[in-house]
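Trainee: A predicted structure for the sequence below; I have some questions about it.
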Amino acid sequence: MLRKGFETSILLYGPGVTLGVQRGFPKLGDAAFPGHQNFNDQISKFMSEGGKVYACRFALQALYGHGEPSLIPGIRPINPLDVLDWC
């Protein structure tokens, strides 16, 4: 959608927040084997092309024990109440 000219955002919510966590071995950013960084690379490329990525703070911290610095740079942490529909 982004490449077709539409403004596109992705919300990493629940278990999906783990897709936005930085990975690597033996240090962050290093691939232990080919394909190890596929999700990180695709999310980074999406953001470099103008896409927006958001991650739920609650799932990130309370459910999976990662802090906001664990996210790939450019992913914006949000409060889960920001995406609820109160109508």
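Mentor: It's in.

Trainee: all strands of this protein, in order?
Mentor: 9-12, 52-56, 76-78 (DSSP state E).

Trainee: give me whichever of those strands is most buried.
Mentor: strand 52-56 (a mean of 20; mean count of other C-beta atoms under 10 Å). Where C-beta positions appear, they are placed from N, C-alpha and C, glycine not excepted.

Trainee: packing partners for that strand?
Mentor: strand 9-12, helix 38-48, strand 76-78 (3 or more C-beta pairs under 8 Å, 6 or more residues apart in numbering; DSSP states H and E).

Trainee: want to throw these into CSV with distance to residue 22?
Mentor: Below are those laid out as CSV (distance: least, C-beta to C-beta, whole Å):
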stretch, distance to residue 22
strand 9-12, 13
helix 38-48, 7
strand 76-78, 14
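
Trainee: ok, which of the ones you listed comes nearest residue 64?
Mentor: strand 9-12 (11.0 Å; C-beta to C-beta).

Trainee: what is the mean pLDDT for that closest one?
Mentor: For strand 9-12, mean pLDDT rounds to 94.

Trainee: give me the most central residue, the protein.
Mentor: residue 20 (2.9 Å; C-alpha atoms, centre = their mean).

Trainee: how far away is that one from residue 5?
Mentor: Relative to residue 5, residue 20 is positioned 25 Å away (C-beta to C-beta, to the nearest Å).

Trainee: how many residues are close by residue 36?
Mentor: By other C-beta atoms under 10 Å, the residues close to residue 36 number 14.

Trainee: contacts only, for it.
Mentor: By C-beta atoms under 8 Å, 6 or more residues apart in numbering, residue 36 lies in contact with 23-25.

Trainee: mind putting those residues into CSV with distance to residue 73?
Mentor: Below are the contacts of residue 36 laid out as CSV (distance: C-beta to C-beta, whole Å):
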residue, distance to residue 73
23, 13
24, 14
25, 19
